[in-house]
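**Student:** Let's see this in three dimensions:
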Amino acid sequence: MFVYLDETGDTGFKFDKGSSRYFVVTILLVQDPIPLYTAIDDLRKNLHFRVGYEFKFSKTPDSVRQAFLRVLVRHDVLIRCLVVDKPNLDRPELRDRETFYTYVLRHLLQNDGGRLQNARLILDQREKDKRNQQHVAAYLRKRLNADPDAIRKIRDIRYHESHRDNLLQAVDMVSGAINASYTKGDFSYRDIVQSKLDDIWEL
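**Tutor:** Presented below is the predicted three-dimensional model:
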């Protein structure tokens, strides 16, 4: 199993200075990433975009967003999502950016409905600090595989560059679609992927 993770929003709590109200973390679960990867390459070609064009929800026109999501739902994927309404968090220790980020990731992956089994987790390599990458990976491995008698949730953790990985672009598009339903009340994108939504958990 391959699990691709991305988030929408920010980890800040300075709402008077532009911090987002919602922080949305989404995972895309797929047994074989190749068919969807190929379909996204084909979509890029059909839209006459340059090779290597990165699909990002925040920078993509409405018609392309819809076309992308319609391609995605033709494939065997599952979507799980955690939506955090940050102003409602009442634990002071979670106001630290790093603590908040790892806490949210852990809770999304722990409350997996039994879906994660010996999975490879792929994260976006936008975080350039190698020490921080190693910290997040070590923290998740320890927390998620704590029970020695249980099936491991996560087999290994990899960091990929999103502009080189179509599946990271896919989970970015899905995360943006879900975020739009909360921040703008726009369900048009979320409705397209509704059949693939396994769970949306609000915190």
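**Student:** what comes up buried for the worst-scoring helix or strand of the chain on mean pLDDT?
**Tutor:** For the chain, using mean pLDDT, DSSP states H and E, the weakest element among its helices and strands is helix 130-144, scoring a mean of 77. Using 16 or more other C-beta atoms under 10 Å as the test for burial, helix 130-144 gives Val136, Ala137, Tyr139, Leu140, Arg141, Arg143, Leu144. Backbone N, C-alpha and C define where each C-beta goes, glycine included.
**Student:** by contact count, what packs against that helix?
**Tutor:** With contacts taken as 3 or more C-beta pairs under 8 Å, 6 or more residues apart in numbering; DSSP states H and E, helix 130-144 sits against helix 97-110, strand 119-124, strand 154-160.
**Student:** got the angle for it vs strand 119-124?
**Tutor:** Using axes from the mean of the first three to the mean of the last three C-alpha atoms, to 10 degrees, the direction of helix 130-144 lies 150 degrees away from that of strand 119-124.
**Student:** neighbouring contacts of helix 130-144?
**Tutor:** Where contact means C-beta atoms under 8 Å, 6 or more residues apart in numbering, the residues beyond helix 130-144 that reach it are 98, 101-102, 105-106, 109-110, 116, 121, 123, 125, 127, 152-154, 157, 159.
**Student:** can you rerun that using 7 Å?
**Tutor:** By C-beta atoms under 7 Å, 6 or more residues apart in numbering, the residues outside helix 130-144 that reach it are Thr102, Leu105, Arg106, Leu109, Gln110, Glu127, Lys153, Ile154, Ile157, Tyr159.
**Student:** now stretch 28-41
**Tutor:** Here stretch 28-41 makes contact (C-beta under 7 Å, 6+ apart) with 1-4, 71-72, 75-79, 115, 166-167, 169-171, 174.
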